[in-house]
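Enquirer: just the structure for this:
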Amino acid sequence: MHGRTWFGGARQSLDAGPGATVTRAITAGATELRLRDVLARCVDLYADDVAVVFGDERITWAELARRAFRLANALRAEGVERGDRVAVLQTNGPEVVELGFACAVLGAALVPLSSRLVLDEVRYVLADAAPRVAFVEPTHPAANERDFRVLATRTPDFAAFRDAAADVEPPEIDTADDPVLLLYTSGTTGRPKGAQHSQRTMIQNGLTVLLSQQLDHRDAFLSTTPLTHAAAGTRIFSLAVDGLKHVIMDRFTVAGFFELVANERITTTILVPTMLADVVDSPLLDTADLSSMRFIVYGAAPTPEALVARALERLPCGLLQGYGLTEGSPALTALTPDEHRRFAADPELRRRLRSMGRPVPGVRARVVDGAGERLPAGEAGELQVRSTKTMLQYWRAPELTEAAFDDGWLATGDIVTVDEDGYLYLVDRKKDMLISGGLNVYPSEIERVLREDPAVREAAVVGTHDDRWGEVPIAFVVLGDDADDQAGIVTRLRAHCRDRLAGYKQPRELRIVDALPRNETGKVHKPTLRNWAAHEGVGEAAGR
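Expert: Reported below is the predicted structural model:
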């Protein structure tokens with residue numbers, strides 16, 4: 001065989017024989033892509049195409065690269081070095097995207113924080129992350145902190161800070177192993193933990209998203225959720241893997257959603273269940289132009305079956321159920337639009353519409369018992385995943401990192417079952433499960449039964465202490481607008497629970513509330529509900 005080939009950018013001759021060729025190939029090696037390479041590819045191929053849209057601002061890929069380089073050079077002047085962290089606290093905006101790539105080319109990590117966090121929460125995260133500098137919206141109380149260098153965002157000060165520096169590309173000191181995102185968990189089970197993700201995991205996640213969702217440069221993605229959360233925040237990088245247009249909403253409204261979809265020819269987006277319900281049930285849907293939309297990703301919280309059915313009936317586009325977690329960066333499983341259509345049309349397979357789908361390419365999954373042994377189909381256990389795109393570690397928490405991984409498998413903390421074809425079904429959060437009289441009780445099972453009543457809009461169940469049984473379930477229920485006989489509905493719900501649930505699973509008390517407490521990603525904040533349950537007493541015990 002004669003000729004030439006390329007290895008890692010170095011031309012190698014094949015004439016010297018197989019052994020010599022292999023030796024030279026290994027010596028030269030394959031160069032692993034970094035996020036600066038991802039950005040450079042977009043400039044090479046799509047320089048004048050729009051990368052980011054926010055309000056009236058339209059930023060091309062060439063302009064995004066210039067802004068990222070300016071910011072990186074400005075941050076270097078502030079003392080930011082490889083391995084440092086840079087925090088940003090603000091509502092949605094292009095500044096988060098620019099800072100993400102600026103950190104990447106420096107080998108630093110971005111620490112996004114929600115602007116909805118109160119000062120005590122911000123202080124905790126910043127004390128833990130120890131950023132070199134922090135960019136904070138001037139209206140947030142954290143802007144007045146003096147424990148770290150604060151720079152303002154969403155003001156002329158930010159642009160002035162950025163544009164005072166040169167737009168030349170910083171020196172190449174960054175590697176694929178460098179942490180680039182430090183994403184703090186939502187804290188639904190306690191103090192937030194920082195999940196550390198490398199440039200490699202972000203690129204791998206981008207490839208996984210593009211492959212599993214069949215996306216390419218022609219697509220346009222609409223961010224409706226906070227960029228400070230994993231689902232939208234990781235899209236900063238995943239969309240850049242093939243230069244997709246990233247349209248960012250400042251604040252979600254149904255009217256604003258329909259307007260952006262039509263004007264920007266949006267092809268895909270992510271909606272948490274409450275947003276999906278607002279869109280599906282809006283009278284504006286009848287006249288909205290959704291002709292460009294290929295599919296809507298929904299997830300981040302359990303989605304009622306009735307809502308999925310309404311969405312399939314009313315929306316002119318497909319649905320994709322996505323399951324993930326911050327530690328998974330985040331997408332781990334998917335139920336595709338084609339699967340939604342097939343399962344909805346087949347009564348024997350319709351049950352699979354309740355599933356989380358199957359692991360996306362690049363991810364393995366298994367269901368294990370408390371001893372870490374793999375369980376057969378149909379048995380409930382903890383979901384563990386294995387992938388090159390899971391987090392590196394919990395920041396400054398080696399004991400938590402060790403507990404999270406089992407021989408390379410990441411424990412998700414979710415209890416699931418798997419069927420014979422590999423479709424996964426969420427049972428409950430492991431930490432939400434309660435033990436009553438020595439028996440496992442999964443709140444999500446009770447919640448599904450309660451939602452079967454047409455008067456119930458939402459339901460959430462938590463456990464509370466009981467001297468005899470250890471824990472007992474308490475249900476919080478939100479009724480529909482036309483529900484007027486609350487006492488009668490409660491009586492009916494109790495009877496329904498007696499028919500559908502064993503005695504130890506029946507709610508000790510049913511409380512009607514105006515709304516369920518939620519975090520910014522739409523998840524019910526169960527610590528708040530547990531606090532409500534603990535401080536307001538319980539009623540008479542259900543039969544056992």
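
Enquirer: so which residues of the stretch 401-544 of the chain form strands?
Expert: For the stretch 401-544 of the chain, applying DSSP state E, counting those that start in this stretch gives strands covering 405-406, 409-418, 424-429, 434-436, 439-441, 456-466, 470-479, 509-512.

Enquirer: and for the stretch 251-400 of the chain?
Expert: For the stretch 251-400 of the chain, the strands defined by DSSP E, counting those that start in this stretch occupy 268-271, 295-299, 318-324, 331-335, 358-359, 363-368, 381-387, 393-394.

Enquirer: determine which stretch of those is the most buried.
Expert: Mean neighbours per residue, mean count of other Cβ atoms under 10 Å, is largest over the strands of the stretch 251-400 of the chain for strand 331-335, with a mean of 27. C-beta: built from backbone N, CA, C; applies to glycine.

Enquirer: got the angle between that one and strand 409-418?
Expert: Here the directions of strand 331-335 and strand 409-418 differ by 20 degrees (axes from the mean of the first three to the mean of the last three Cα atoms, to 10 degrees).

Enquirer: and strand 331-335, which strands flank it?
Expert: strand 318-324 (antiparallel), strand 358-359 (antiparallel) (DSSP bridges).

Enquirer: buried stuff in stretch 482-500?
Expert: 483, 489-490, 493, 497 (16 or more other Cβ atoms under 10 Å).

Enquirer: for R218, give me its contacts.
Expert: Applying Cβ atoms under 8 Å, 6 or more residues apart in numbering, we find R218 in contact with T267.

Enquirer: that one and T336, how far apart?
Expert: 19 Å (Cβ to Cβ, to the nearest Å).

Enquirer: same deal with I266?
Expert: Distance from I266 to T336, by Cβ to Cβ: 19 Å.

Enquirer: more neighbours, the two?
Expert: More crowded of I266 and T336, by other Cβ atoms under 10 Å: I266, with 22 against 19.

Enquirer: ok, back up a step: between the strands of the stretch 401-544 of the chain, which one is nearest to L33?
Expert: Nearest of the strands of the stretch 401-544 of the chain to L33, taken as Cβ to Cβ: strand 409-418 at 23.4 Å.

Enquirer: coming back round to it: the buried residues of stretch 482-500 in helices, which ones?
Expert: 489-490, 493, 497 (DSSP state H).

Enquirer: which ones are touching the residue lying closest to A68 once chain neighbours are set aside?
Expert: Computed as Cβ to Cβ, 6 or more residues apart in numbering, the closest residue to A68 that is not its neighbour in sequence is F101, at 3.8 Å. When contacts are counted by Cβ under 8 Å, 6+ apart, F101 touches 35-36, 39, 64-65, 68, 236, 240.

Enquirer: H340 too?
Expert: By Cβ under 8 Å, 6+ apart, the contact set of H340 is 312, 318-321, 353.

Enquirer: repeat for T269
Expert: Applying Cβ under 8 Å, 6+ apart, the residues near T269 are 221-224, 257, 261, 293, 296-297.

Enquirer: distance of it relative to L260?
Expert: Separation of T269 from L260 (Cβ to Cβ): 9 Å.

Enquirer: ok, the contacts of F101 vs G370, which is closest?
Expert: I236 (37.6 Å).

Enquirer: which helix or strand contains that closest one?
Expert: Using DSSP states H and E, I236 falls within helix 235-238.

Enquirer: next one: the helix or strand just after that helix to chain centre, how far?
Expert: Downstream of helix 235-238, the next assigned helix or strand under DSSP H and E is strand 245-248. Computed by Cα atoms, centre = their mean, to the nearest Å, the separation of strand 245-248 from the middle of its chain amounts to 17 Å.

Enquirer: tell me the confidence at the spatially most central residue of the chain?
Expert: Against the mean C-alpha coordinate of the chain, by Cα atoms, centre = their mean, the closest residue is A231 at 2.8 Å. pLDDT recorded at A231 is 89.

Enquirer: rewinding a little: between T269 and L260, what contacts are shared?
Expert: Here T269 and L260 have L222 as joint contacts, going by Cβ under 8 Å, 6+ apart.

Enquirer: hang on, the earlier thing: give me the mean pLDDT for the strand or helix carrying the residue nearest to A68.
Expert: Taking DSSP H and E as the definition, one finds F101 inside helix 94-106. Averaged across helix 94-106, pLDDT comes to 98.

Enquirer: residue ranges in the protein under the pLDDT threshold?
Expert: The chain contains residues with pLDDT under 70 at 1-29, 186-190, 300-301, 536-544.

Enquirer: list the contacts of the longest helix along it.
Expert: Counting residues, the longest helix in the chain under DSSP H turns out to be helix 61-77. Residues outside helix 61-77 that contact it (Cβ under 8 Å, 6+ apart) are 39-40, 42-43, 46-49, 51-52, 59, 86, 97-99, 101-106, 108, 132-133, 161-170, 243.

Enquirer: at 7 Å what do you get?
Expert: Contacts made with helix 61-77 from outside it, assessed by Cβ atoms under 7 Å, 6 or more residues apart in numbering, are listed as 39, 42-43, 46-49, 51-52, 86, 98-99, 101-102, 105-106, 133, 161-170, 243.

Enquirer: just to revisit the earlier point, any idea which of the strands of the stretch 251-400 of the chain gets closest to F148?
Expert: Closest to F148 of the strands of the stretch 251-400 of the chain is strand 393-394 (Cβ to Cβ; 21.4 Å).

Enquirer: neighbours around the closest residue to R358 other than its chain neighbours, how many?
Expert: Spatial nearest neighbour of R358, excluding adjacent residues (Cβ to Cβ, 6+ apart): G422 at 4.8 Å. Neighbours of G422 under the rule other Cβ under 10 Å: 13.

Enquirer: and what of D44?
Expert: Using other Cβ under 10 Å: D44 sits among 11 other residues.

Enquirer: ok and whatever helix or strand it lives in relative to helix 94-106, angle-wise?
Expert: Using DSSP H and E, D44 sits in helix 35-46. Angle of helix 35-46 versus helix 94-106, following the same axes, to 10 degrees, is 120 degrees.

Enquirer: circling back: R530: which of the contacts of F101 is nearest?
Expert: The shortest approach to R530 among those belongs to I236, at 33.9 Å (Cβ to Cβ).

Enquirer: okay, the closest one and V38: tell me how far apart.
Expert: The spacing between I236 and V38, counted by Cβ to Cβ, is 11 Å.

Enquirer: picking that back up, nearest to E382, out of the strands of the stretch 401-544 of the chain?
Expert: Of all the strands of the stretch 401-544 of the chain, strand 409-418 sits nearest to E382, with 6.0 Å by Cβ to Cβ.

Enquirer: and the closest one, what does it pack against?
Expert: Secondary-structure packing of strand 409-418 (3 or more Cβ pairs under 7 Å, 6 or more residues apart in numbering; DSSP states H and E): strand 363-368, strand 381-387, strand 424-429.

Enquirer: picking that back up, dump the strands of the stretch 401-544 of the chain into a markdown table; add mean neighbour count and distance to L529 as well.
Expert: A markdown table is the format used below for these (neighbours: other Cβ atoms under 10 Å; distance: least, Cβ to Cβ, whole Å):
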| stretch | mean neighbour count | distance to L529 |
| --- | --- | --- |
| strand 405-406 | 16 | 30 |
| strand 409-418 | 21 | 18 |
| strand 424-429 | 20 | 13 |
| strand 434-436 | 19 | 12 |
| strand 439-441 | 17 | 15 |
| strand 456-466 | 21 | 5 |
| strand 470-479 | 22 | 6 |
| strand 509-512 | 18 | 9 |
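
Enquirer: I'd like to know which of those strands is closest to M391.
Expert: Closest approach to M391 among these is made by strand 409-418 (7.6 Å; Cβ to Cβ).
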